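Chemist: 3D, please:
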Amino acid sequence: MKVAYQGEPGAYSERAVRSAFPDADPLPCDTVRLVFSRVTSREAPFGVVPLENSQAGSVNETYDLLQHTSLLRVVGQVLVRVDHALLGVPGARLEDVRRAHSHWQALAQCEEFLASLRIEPVPVHDTAGAARMIAHTASAEDAAIASVDAASIFGLAVLAERIQTEKENFTKFAVLGTEDPGLGEPDTTSLVMAVLDRPGSLLGALQPFADRGINLHKLESRPRRGKAFEYLMYVDVMAPGGSPELDAALKEVEDHTSMLRVLGTFRSAGEPL
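Modeler: A predicted model of the protein is given here:
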């Protein structure tokens, strides 16, 4: 079974795929958008995309794409421990490095380390892709920020390990699909809503959950595409889809919103890998 993911072999996304689907054939994709496309076209029954990092925050591209797909839903979550390493060509030394190439979130997570050594951050589309690029250069002045796994895959030297600012660094990945992948009994539901622009609407939209003892695990606003300075609220509630309490709450929430959609119901991420 193919499972699409954003990145190349050695990427943290691939690690998430292998955790959720140990027997899967990982299908690398250049972009998060392409992962959505591969699953929508049934080229792969499931996809794994980054959702949120404990240090750098939400991956906005993923949330924006979730907002605009009606065919896919979130059917699972995976939590991956992220330990970044600085990788260089064989024979390179840490003091040789002038530029570090990686995904922009990885660069942000290692900002203090890079600043302390006056290394210039250079954003590219993927951590493992950065490692592959460095493997094809002879320059000791260029390095990649990626996993130690990527160093083994591409034959690079590990110049420094655990270089992220926050040592307890995790990324939450969403599993996309149209069917239940069997990753555990659902306990969480993701929602997106557009709250009416009038006093008390946000309180009115959230109060039905509190009234039924449903905990909010996440609450975040994002700009609404095509509507300047209007916002969508992304909410994760600790209740499975279809439960009587959640259904009753959502019926009341509708009175305070112009749009309300369930993005998926799933088992929340457990222990990090």
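
Chemist: Sheet partners, orientation included, of the least confident helix or strand in the chain by mean pLDDT?
Modeler: The weakest-scoring helix or strand in the chain, judged by mean pLDDT, DSSP states H and E, is strand 57-58 (a mean of 90). In the sheet, strand 57-58 lines up against strand 46-53 (antiparallel) (DSSP bridges).

Chemist: Quick check: residue 74 vs residue 167, distance?
Modeler: 28 Å (Cβ to Cβ, to the nearest Å). Heads up, the C-betas are built off the backbone N, CA and C, glycines and all.

Chemist: Repeat that for residue 129.
Modeler: 25 Å.

Chemist: now swap in residue 142 and tell me
Modeler: Distance, residue 142 to residue 167, using Cβ to Cβ: 25 Å.

Chemist: Which residue of these two possesses the greater neighbour count?
Modeler: residue 142 (21 against 8; other Cβ atoms under 10 Å).

Chemist: does the most centrally placed residue in the chain have beta-bridge partners, and which?
Modeler: For the chain, the residue nearest the mean C-alpha position is residue 50 (1.7 Å; Cα atoms, centre = their mean). Judged by DSSP bridges, the bridge partners of residue 50 are residue 173.

Chemist: Residue 96 contacts residue 141, doesn't it?
Modeler: Yes: between residue 96 and residue 141 there is a contact under Cβ atoms under 8 Å: 6.0 Å.

Chemist: Next one, pLDDT for residue 272 please.
Modeler: pLDDT, the model's per-residue confidence, is 61 for residue 272.

Chemist: And residue 269, by the same measure?
Modeler: At residue 269, the pLDDT value in this model is 83.

Chemist: And for it, the neighbour number?
Modeler: By other Cβ under 10 Å, the residues close to residue 269 number 24.

Chemist: Pull the contacting residues for it.
Modeler: 77-79, 172-173 (Cβ atoms under 8 Å, 6 or more residues apart in numbering).

Chemist: So the residue of the chain most remote from its centre versus residue 258, what's the distance?
Modeler: Distance from the centre of the chain peaks at residue 91, with 33.9 Å (Cα atoms, centre = their mean). From residue 91 across to residue 258, the span is 60 Å (Cβ to Cβ).
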